[in-house]
Structure formats: structure tokens, C-alpha cells
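Engineer: I need the structure of the sequence given here:
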Amino acid sequence: TRFSADLGELFEAYVGRQLGLLPDATVLPEIAHGRRMDELSVDWFAIFDDCVVLVEVKSTRPTEPVRLADSGVAEALGRTLGHAVGQLNKSASLVRSRHAGFEDVPSDRPILGLVVTMEPFQTVNMPFTAGYLPTCEIPFRVCSALELEHLVTVADISVGRLLLDHLGDPDKTGWSVQSALAGHACIRNKIIDDAWASYPWKDEPNEQNT
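Structural biologist: Below you'll find the model as predicted:
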């Protein structure tokens with residue numbers, strides 16, 4: 001449990017760093033609210049001119065029932081991702097109602113959602129599989145960290161506009177975030193480049209095994 005908690009905090013921070021690469025977004029952290037200020041919103045808010053993206057981070061991976069799509073898949077998805085969808089609904093409602101503490105998050109534009117997972121849930125956005133999750137009141141997608149690392153490098157269109165068009169297209173219901181990147185120009189991900197540059201073996205010559 002302690003390891004999972006520490007990993008969750010680190011992964012949440014990592015997702016925030018990735019969102020910080022977006023050149024045209026204002027990124028805000030989670031907001032404490034409630035009578036005792038002991039309730040928390042989604043983990044991140046990415047504010048664009050065209051929309052607001054609520055980002056809930058889950059340091060989770062597909063369990064065996066999800067990977068095998070066996071009789072336990074509904075319970076497994078509800079346990080791992082159900083709370084994340086609930087967080088999107090609750091935070092969207094608080095933004096729209098101008099709840100105290102949420103004044104810096106605009107309510108005058110469409111609200112979208114992303115649930116970012118540590119590992120890919122390959123079919124989770126498909127209508128059949130998504131039916132195992134609670135109903136979400138805003139357009140949203142589950143995306144992996146890998147998809148997010150690619151998404152933030154899109155250079156020829158605002159990521160906010162890209163997500164707004166993709167999630168709002170009824171012909172693309174259930175399509176992954178990765179599919180929205182097709183045909184778009186991307187730059188390198190500075191965070192990943194910096195991480196690679198920190199490794200001691202980066203300058204070692206490649207040797208072909210014999």
C-alpha cells in the first residue's frame with residue numbers, strides 16, 4: 001500500500017510535467033474543497049481558449065480479468081477506473097456551478113475529460129467496454145501515459161482544439177487519443193529527451209551481438 005501511494009504521487013506529478021509542455025494551456029493542480037477542505041477535485045486542469053480538459057491520473061494497469069475479458073471484467077474496470085469517471089463528473093459540476101475555489105477554471109467553454117493510466121487499457125474506450133464504467137457527463141477518453149507523451153508534442157494545432165474535435169465527432173466514438181494524432185506534425189518530447197540524456201550509457205557505442 002505504501003509503495004502504491006508513493007508511485008501514485010510520482011505518476012501524478014509526472015503527468016503534470018507532461019501537461020506543462022503544452023504551449024497554449026494554463027495548467028492548474030487539484031483543488032481542495034468541501035466544508036473541511038478534505039475533498040479533492042481531479043488531479044489537473046488544462047485550460048485552453050477553446051475548452052477545459054479535466055485530467056484524472058490513475059497509476060493502474062489492466063488486471064487479468066481486463067486483459068482476458070472474462071466474467072470479472074465489469075467488476076475489475078469499475079474498481080480501477082470507476083472512481084476516475086466519478087471525479088470527472090464531480091469536478092465538471094463544481095466548475096459549472098462556480099463552486100468556491102474553482103473560480104480560476106472557466107465555465108464558459110466546453111469541458112472534456114482525460115483519465116490517464118500508467119499502462120494502456122487497449123479496448124477501454126470502445127462502447128461495449130465503456131459500458132462497464134459509470135456514465136460520464138462530459139466527453140472523455142481513457143489514455144495511457146504513452147499516449148499523453150505523444151499528445152503533448154502535437155505542433156500544428158492546439159491540443160485543446162484537437163481533443164475538442166476528436167471527442168465531439170460522433171463517428172469517432174470509442175476511438176483512442178492516439179488515433180487523433182494521425183497526420184499531425186509533432187516535435188520531440190523534452191521531458192523524455194532530458195531523461196534519456198541523464199542515463200550513463202547514452203554515449204556508449206552500440207555493439208552488435210555476435
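
Engineer: name the single longest helix found in this structure.
Structural biologist: helix 73-96 (DSSP state H).

Engineer: name the element Asp203 belongs to?
Structural biologist: Counting by DSSP states H and E, no helix or strand carries Asp203.

Engineer: sorry, slip of the keys, the one I care about is Val53.
Structural biologist: Per DSSP H and E, Val53 falls inside strand 52-58.

Engineer: tell me the angle of that strand relative to helix 73-96?
Structural biologist: 140 degrees (axes from the mean of the first three to the mean of the last three C-alpha atoms, to 10 degrees).

Engineer: tell me where the protein is predicted with low confidence.
Structural biologist: 206-210 (pLDDT under 70).

Engineer: just the strands in the protein please.
Structural biologist: Ranges of strands in the chain, per DSSP state E, are 26-29, 32-33, 39-40, 44-47, 52-58, 111-117, 140-144.

Engineer: how far off centre is the second one?
Structural biologist: Same thing as strand 32-33. 21 Å (C-alpha atoms, centre = their mean, to the nearest Å).

Engineer: remind me what it packs against, helices and strands.
Structural biologist: When contacts are defined as 3 or more C-beta pairs under 8 Å, 6 or more residues apart in numbering; DSSP states H and E, strand 32-33 packs onto strand 39-40. In short, each C-beta sits where N, CA and C put it, glycine included.

Engineer: cutoff 6 Å now
Structural biologist: Applying 3 or more C-beta pairs under 6 Å, 6 or more residues apart in numbering; DSSP states H and E, we find strand 32-33 packed against no helix or strand.

Engineer: any residues touching it, and which ones?
Structural biologist: Residues outside strand 32-33 that contact it (C-beta atoms under 6 Å, 6 or more residues apart in numbering) are Glu39, Leu40, Gly101.

Engineer: need the nearest residue in space to the first one, chain neighbours excluded.
Structural biologist: Think Glu39. Nearest non-adjacent residue to Glu39, counting by C-beta to C-beta, 6 or more residues apart in numbering: His33, 5.3 Å away.

Engineer: same question, the second one
Structural biologist: Nearest residue to Leu40 in three dimensions, chain neighbours excluded: Glu30, at 5.0 Å (C-beta to C-beta, 6+ apart).

Engineer: the one you found contacts Ser41, doesn't it?
Structural biologist: Yes. Assessed by C-beta atoms under 6 Å, Glu30 is found in contact with Ser41 at 5.1 Å.

Engineer: the more surrounded of these two?
Structural biologist: Each of Glu30 and Ser41 has its neighbours counted (other C-beta atoms under 10 Å); Ser41 has more, 25 against 18.

Engineer: isn't the more buried one right up against Ala92?
Structural biologist: No. With contact defined as C-beta under 6 Å, Ser41 does not reach Ala92; the gap is 9.7 Å.

Engineer: tell me how far the residue nearest to Glu39 lies from Phe102.
Structural biologist: To Phe102, His33 is 7 Å away according to C-beta to C-beta, to the nearest Å.

Engineer: closest to the centroid, which residue in this structure?
Structural biologist: Val116 (3.1 Å; C-alpha atoms, centre = their mean).

Engineer: what residues does Val124 make contact with?
Structural biologist: Val142.
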